[in-house]
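K.L.:
Task: produce atomic coordinates for the following.
(chains A and B)
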There are 2 protein chains.
Amino acid sequence: MSIEFKPIGYLSTGAEKIPRSWDISDVEGDLIIDRCYTDGLREIKPGQKIYVIFQFHKSPKFNSKYLRINPPRHNRKEMGVFSTHSPVRPNPIGLSILEVLGVEDNVIHVKGLDMLNGTPILDIKPYSHA
Amino acid sequence: MSIEFKPIGYLSTGAEKIPRSWDISDVEGDLIIDRCYTDGLREIKPGQKIYVIFQFHKSPKFNSKYLRINPPRHNRKEMGVFSTHSPVRPNPIGLSILEVLGVEDNVIHVKGLDMLNGTPILDIKPYSHA
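P.N.:
Predicted coordinates for the structure are as follows:
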């Protein structure tokens, strides 16, 4: 069984170096959302945080050797992939919490990027924490 | 351009009434993950919170009438879909923050469910907040 999604837009950033996680990033860029969705963006405001769900579009295909990894964040201690934010996952889905700097029509200017230029965006949700 | 994902497992719960959001739920259930991924789950521990990304598999197909909605959480004030957690979205992707009660092999017992029985699970990530 497979599930098909279609990007709602993509990331545009001129940044050459992208940190490996949103919580250590102050890189800025634009989420360019398909114009057909502009009316769905109107309540997104500067200063707000948003969840952005995206595709790790440059990751190698997952196989069992990526189940146990040694991520930099955990001092290279071996961890299961589901306890990490590794970009090489059974489904290459990324989740970032980004700060909104501004919104103009279908473009959201954001800060805190850990995604590559051209990253397909799948969804945007309001941020709230547990 | 479309992107294909394959569920890594599904939710099993006997609960008959599912709250509309994880932050007002104490419903329990089991994330039953494909056995081929068991080694990726080993560091998930009771008491921990996890992000669970899933498919809203019972939602009607999105169309432009779902772009502006009147969600109960916002006292029926009209909002853009990307400022809500509506299950009817351009890509029917859900995000919950769940509490882990226990893990046994490929099964994660969780609390805080706002998903229907049988929901396809796409990804699990460690919870951290902004």
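
K.L.:
Can you give the strand pairings for the one helix or strand residue A:110 maps to, parallel or anti for each?
P.N.:
When elements are assigned from DSSP states H and E, residue A:110 belongs to strand A:107-111. The strands that strand A:107-111 pairs with in its sheet are strand A:28-33 (antiparallel), strand A:93-104 (antiparallel) (by DSSP bridges).

K.L.:
chain center to that strand, what's the gap?
P.N.:
12 Å (Cα atoms, centre = their mean, to the nearest Å).

K.L.:
Now the element after that strand, going C-ward?
P.N.:
Counting by DSSP H and E, the next helix or strand C-terminal to strand A:107-111 is strand A:120-126.

K.L.:
shaky segments in chain A?
P.N.:
Applying pLDDT under 70 to chain A flags the ranges A:130.

K.L.:
ok, now how distant is residue A:9 from residue B:47?
P.N.:
As judged by Cβ to Cβ, to the nearest Å, residue A:9 and residue B:47 stand 37 Å apart. The way it works is simple: take the backbone N, C-alpha and C, and place the C-beta from them, glycine included.

K.L.:
With neighbour numbers in mind, choose between those two.
P.N.:
Neighbour totals were compared for residue A:9 and residue B:47, and residue A:9 leads with 23 against 8 (other Cβ atoms under 10 Å in any protein chain shown).

K.L.:
Find the nearest non-adjacent residue to the more buried one, please.
P.N.:
residue A:33 (3.7 Å; Cβ to Cβ, 6 or more residues apart in numbering or on different chains).

K.L.:
The spatially closest residue to residue A:118 that is not a sequence neighbour in helix, strand or coil?
P.N.:
Spatial nearest neighbour of residue A:118, chain neighbours left out: residue A:10 (5.8 Å); criterion: Cβ to Cβ, 6+ apart. Classification of residue A:10 using DSSP: H, G, I helix; E, B strand; the rest coil returns strand.

K.L.:
And the one 5 residues further on, by the same measure?
P.N.:
Counting by three-state DSSP, the backbone at residue A:15 sits in coil.

K.L.:
Without its sequence neighbours, what residue ends up closest to it?
P.N.:
residue A:27 (4.5 Å).

K.L.:
That neighbour reaches residue A:109, doesn't it?
P.N.:
No: the criterion here is Cβ atoms under 8 Å, and residue A:27 misses it with residue A:109 at 11.9 Å.

K.L.:
Bridged to residue A:121, which residues?
P.N.:
residue A:9, residue A:54.

K.L.:
What are the neighbouring residues in contact with it?
P.N.:
A:7-11, A:31, A:33, A:52-54 (Cβ atoms under 8 Å, 6 or more residues apart in numbering or on different chains).
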